[in-house]
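Participant: sharing a model prediction with you, sequence too.
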Amino acid sequence: MDFNDTPEEAAFRAEARSWLEANVPSREELAGLDEIAASKLWQKRKYDAGWACIRWP
């Protein structure tokens with residue numbers, strides 16, 4: 001098994017990391033939200049960016 005990233009895998013990893021750093025809700029954003037509202041906020045961000053789907057294999 002090769003654990004070294006291809007250039008494409010490295011680019012995907014960097015893109016995903018960058019997106020997460022910019023979009024994971026902060027504690028301040030989540031303050032005062034109940035669990036359902038917080039989940040909807042996170043799901044909407046993922047959906048809007050094309051990172052969410054109904055099912056991922």
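Facilitator: Happy to help now that I have it. Numbers count the residues shown, from 1 in each chain.

Participant: export the lengthiest helix in the chain to CSV, keeping only CA atoms.
Facilitator: Determined from DSSP state H, the single longest helix within the chain is helix 7-23. Once non-C-alpha atoms are left out, helix 7-23 reads as follows in CSV (Å, rounded to 0.1, in the frame of the first residue of the first chain):
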residue,chain,number,x,y,z
PRO,A,7,-0.3,15.5,-6.7
GLU,A,8,-4.1,15.3,-7.2
GLU,A,9,-4.7,13.8,-3.7
ALA,A,10,-2.4,16.4,-2.2
ALA,A,11,-4.3,19.2,-3.9
PHE,A,12,-7.7,17.7,-2.8
ARG,A,13,-6.4,17.4,0.8
ALA,A,14,-5.2,21.1,0.8
GLU,A,15,-8.5,22.2,-0.7
ALA,A,16,-10.5,20.3,1.9
ARG,A,17,-8.4,21.5,4.8
SER,A,18,-8.6,25.1,3.6
TRP,A,19,-12.4,24.9,3.2
LEU,A,20,-12.8,23.4,6.7
GLU,A,21,-10.6,26.1,8.3
ALA,A,22,-12.7,28.8,6.7
ASN,A,23,-16.2,27.2,7.3
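
Participant: what about that helix, average pLDDT?
Facilitator: On average, the pLDDT along helix 7-23 is 97.

Participant: which helices and strands does it pack with?
Facilitator: With contacts defined as 3 or more Cβ pairs under 8 Å, 6 or more residues apart in numbering; DSSP states H and E, helix 7-23 has no helix or strand neighbours. Any C-beta I mention is one placed from the backbone N, CA and C, and that applies to glycine too.

Participant: now do it: everything it contacts.
Facilitator: Defining contact as Cβ atoms under 8 Å, 6 or more residues apart in numbering, one finds that helix 7-23 is touched by 5, 45-46, 49, 51.
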